[in-house]
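# Quick one, structure for this:
(chains A and B)
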Amino acid sequence: MIAGTVDAIRRGELRARDLVEECLNRIAALDGVLGCFLTLDGESALERAARIDEELARQRRAGGSAAGVAPAGARGGEVSADAALLGVPWACKDNICTRGLRTTCASRILEGYVPPYSATVVERLEAAGAVLLGKTNMDEFAMGSSGENSAFFPTRNPRDTTRVPGGSSSGSAAAVAAGLVPFALGSDTGGSVRQPASFCGVVGMKPTYGRVSRYGLVAFASSLDQIGPLTATVEDCALVMEVIAGHDPRDATSAQVPVPRYREVLGRDVKGMKLGVPREYLGEGIERGVREAIDAALGAFEDLGCVVEECSLPHTEYALAVYYLVAPAEASSNLARYDGVRYGLRVGAGDITGMYSHTRRQGFGPEVRRRIMLGTYALSAGYYDAYYLKAQKVRTLVKRDFEEAFSRYDLLLAPTSPTVAFRLGERTADPLSMYMADVCTIPVNLAGIPAISIPCGESEGLPVGLQIMGPPFAEATILQAAYAFERATATAPWRRGVGSNG
Amino acid sequence: MPISIAEVEHVAWLARLALGDEEKQLMAEQLGRILDYMGKLREVDTEGVPPTFHALEGMTVPLREDVARPGLSPEEALAGAPDRVGDLFRVPRTGETEGEGA
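This is a model prediction of the structure:
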């Protein structure tokens, strides 16, 4: 869909400015209820799109196309006329830094923060001609599974506004599902791209750890965080991945592994592909309707000629406990930087220690405070070995389960979430019940492997997501399988709500 | 099982997080419940299992040439400062001072 839009813009059949205007109008009409955006940058977006249109028109008059360049606007440099995302509007999760544009992490502590630099992914998208419309709502510092932990306002699920959109990339998933933007970026530390993609009925990918640069992503849990795209279709996901993936010298953990042309594998036959279905993901706690949709999806893969077999990842039941020790421990260290000294909120209270403590009390919301406490506890003297180190050892066993499985299977299939989108307020009183929403997505982050969530059916009229997991750097295989499934189910009745942005 | 209020206060101090009395109580209960759940990790035999601190093993981190590169200007770096004096961040005093102090 995005590729067709870019072609139309390049040929002059569609004006980039009109497309931006259409998105802004849709946002004006719908976002009062949905709450996807924390900051809009409409004027800059219109200007940038208009400049792209003018430059393309000038080049058409001059009879050339590849030689010229279009100026890029406030951020980023020049844009080539053959840029992959020329004139395509997008939205960015508000924990990814955008030079000159407020970046809050949906937290009071960063309410007025304007970054002096852009994340590498933002620079890459701008160099590819994409037009940033604004910053999307999220759970504060990406800590949450429903979008309700935003310090400002919750986001609502476009499919049913009494339901949560999932989280923490709540605004990005809902914005794509509602057709407010063709694509958005999110970040995934324990499922924060995939789970909201599942709840909202869109495509969301968590790439291999190190595949996409984290430079400029506000750190939550540095050994788990990855940036990933939210899109309406698998092809759009592949296109955005081609632009954002790749080595970045500014991120020491970014991998020096060549980036395939992901779109080239789309449409390739999946016959004979070996797919494992870990039984631990379909046991207790999985809603019946979710289970039925997943079973139907497994049938569709069999019809495509894949070998689908049950398998086992025996340490799955420990992954949630591992995650909720490791991630808060890393977060408690990363969030130590919010101390009221260099940027963000400052609350004066006596000497410097009083200033630190009161700034952090007023600046952080309840879930962030809880995780800082949990992580500090797990790292503190006397508990480090019993909790943090123990968790990191069990993490090794979770990872080995995957290595063992991928010695026999090309990919693994599972639900993205044990339930469909739940109601606002349903889980806010009990942190542990909220944490359970991530039970199917967390093991992937602990092992550092890539996974995608794609719409695969409906339960109670709400979208169900299929999760496809692969070995490190197997994004191309994942996309190939996801695309084959998307094509095979193109006319399924549950598709009516999917990719409504036409 | 809730953790003790004294433990909550100690951890809050380590984290430089001021907590009200009611929140200390709530934290003691909620952290206790969460840690009870974590207790299930004790079931797992990890004898001889190395910890995984990084998701991908064998990733080498190449060093760059040790040459100066442009960074943020002082003005950019200080643009978000809650309080500043010239090119410096200003903070409240750092502890007990006598006479002129430091």
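# Which parts of chain B are helices?
B:5-14, B:21-38, B:74-78 (DSSP state H).
# Which residue ranges of chain A form strands?
A:37-40, A:69-71, A:78-80, A:89-93, A:131-136, A:183-188, A:203-206, A:226-231, A:274-278, A:307-311, A:411-415, A:451-459, A:462-469 (DSSP state E).
# Just put the helices of chain B in a markdown table and tack on mean pLDDT.
Listed next are these as a markdown table, based on pLDDT from 0 to 100:
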| stretch | mean pLDDT |
| --- | --- |
| helix B:5-14 | 97 |
| helix B:21-38 | 94 |
| helix B:74-78 | 95 |
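# With mean neighbour count as added columns, please give those helices in JSON lines.
For the C-beta atoms, the positions are set from N, CA and C on the backbone; glycine is no exception. Below are these laid out as JSON lines (neighbours: other Cβ atoms under 10 Å in any protein chain shown):
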{"stretch": "helix B:5-14", "mean neighbour count": "17"}
{"stretch": "helix B:21-38", "mean neighbour count": "17"}
{"stretch": "helix B:74-78", "mean neighbour count": "13"}
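# Disregarding residues adjacent in the polypeptide, which is nearest to the residue of chain B found nearest chain A?
Closest residue of chain B to chain A, Cβ to the nearest Cβ: residue B:55 (2.6 Å). Closest residue in space to residue B:55, ignoring its immediate chain neighbours: residue A:448 at 2.6 Å, by Cβ to Cβ, 6 or more residues apart in numbering or on different chains.
# For the one you found, grab the count of nearby residues.
22 (other Cβ atoms under 10 Å in any protein chain shown).
# wait, it sits on residue A:208?
Yes: Residue A:448 lies in contact with residue A:208 (Cβ atoms under 8 Å); the separation is 6.5 Å.
# Please enumerate the shared neighbours of the two.
Shared contacts of residue A:448 and residue A:208 (Cβ atoms under 8 Å, 6 or more residues apart in numbering or on different chains): A:472, B:56.
# which stretches of chain A aren't confidently modelled?
Within chain A, the stretches with pLDDT under 70 are A:64-78, A:497-502.
# Please name the residues that touch the closest residue in space to residue B:79 that isn't next to it in sequence.
Computed as Cβ to Cβ, 6+ apart, the closest residue to residue B:79 that is not its neighbour in sequence is residue A:116, at 6.1 Å. Applying Cβ under 8 Å, 6+ apart, we find residue A:116 in contact with A:99, B:72, B:76, B:77, B:79, B:80.
# residues touching the fourth one, list them.
Shown here is residue B:77, whose contacts under the criterion Cβ under 8 Å, 6+ apart are A:116, A:342.
# again, but for the last one
In this structure, residue B:80 makes contact with A:112, A:113, A:114, A:116, A:342, A:343, A:344, judged by Cβ under 8 Å, 6+ apart.
# centroid residue for chain B?
Among the residues of chain B, residue B:15 comes closest to the average C-alpha position under Cα atoms, centre = their mean, at 6.1 Å.
# care to break chain A down by domain?
Domain ranges of chain A: A:2-66+A:82-265, A:274-313+A:398-473, A:321-385, per automatic domain parsing.
# first to last residue in the second one, what's the distance?
One end of domain A:274-313+A:398-473 sits 17 Å from the other (Cα to Cα, to the nearest Å).
# Could you do the last one as well?
Domain A:321-385 stretches 15 Å from its first residue to its last (Cα to Cα).
# is chain B contacted by that domain?
Yes: contact of domain A:321-385 with chain B (Cβ under 8 Å from any Cβ of the partner chain) involves A:321-322, A:324-325, A:332, A:336, A:339-346, A:348-358, A:360-361, A:364, A:369-370, A:372-374, A:376-377, A:380.
# what's the single longest helix in chain A?
helix A:42-62.
# And the residue of chain A that's closest to chain B?
For chain A, Cβ to the nearest Cβ, closest residue to chain B: residue A:448, 2.6 Å.
# Residue A:231 versus that residue, what's the distance?
Distance, residue A:448 to residue A:231, using Cβ to Cβ, to the nearest Å: 23 Å.
# Kindly report the same for residue A:470.
Note on residue A:470: its distance to residue A:231, by Cβ to Cβ, is 18 Å.
# Between those two, which has more neighbouring residues?
residue A:231 (28 against 25).
# buried set for stretch A:378-393?
A:378, A:379, A:380, A:383, A:387, A:388, A:389, A:390, A:391, A:392, A:393 (16 or more other Cβ atoms under 10 Å in any protein chain shown).
# what's the span of stretch A:79-89 from first residue to last?
Stretch A:79-89 stretches 15 Å from its first residue to its last (Cα to Cα).
# just how off-centre is that stretch within its chain?
Relative to its chain's centre, stretch A:79-89 lies at 22 Å (Cα atoms, centre = their mean, to the nearest Å).
# Run through who's touching it.
Defining contact as Cβ under 8 Å, 6+ apart, one finds that stretch A:79-89 is touched by A:2, A:5-6, A:9-10, A:16, A:19-20, A:23, A:45, A:49, A:52-53, A:55-56, A:59, A:65-72, A:125-133, A:181-183, A:239-240, A:242-243.
# Surely residue A:117 is in contact with residue A:216?
Yes: if you go by Cβ under 8 Å, residue A:117 and residue A:216 touch, sitting 6.6 Å apart.
# Report the set of residues contacting both of those two.
residue A:97.
# Enumerate every residue touching residue A:345.
Applying Cβ under 8 Å, 6+ apart, one finds that residue A:345 lies in contact with A:108, A:109, A:110, A:111, A:338, A:359, A:362, A:363, B:82.
# Just the buried ones out of the residues you listed, please.
A:108, A:109, A:110, A:111, A:338, A:359, A:363, B:82.
# Wait, the first one touches residue A:365, no?
By that I understand residue A:108. Yes: under the criterion of Cβ under 8 Å, residue A:108 makes contact with residue A:365 at 7.4 Å.
# Now do the shared contacts for these two.
residue A:151.
# Export the strands of chain A to a markdown table and append columns for distance to residue A:259.
Rendered in a markdown table, the data for these read as follows (distance: least, Cβ to Cβ, whole Å):
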| stretch | distance to residue A:259 |
| --- | --- |
| strand A:37-40 | 30 |
| strand A:69-71 | 23 |
| strand A:78-80 | 18 |
| strand A:89-93 | 19 |
| strand A:131-136 | 22 |
| strand A:183-188 | 17 |
| strand A:203-206 | 14 |
| strand A:226-231 | 14 |
| strand A:274-278 | 24 |
| strand A:307-311 | 29 |
| strand A:411-415 | 19 |
| strand A:451-459 | 16 |
| strand A:462-469 | 19 |
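# among the ones you listed, which is the most enclosed?
Ranked by mean neighbour count, these are led by strand A:203-206 with a mean of 33 (mean count of other Cβ atoms under 10 Å in any protein chain shown).
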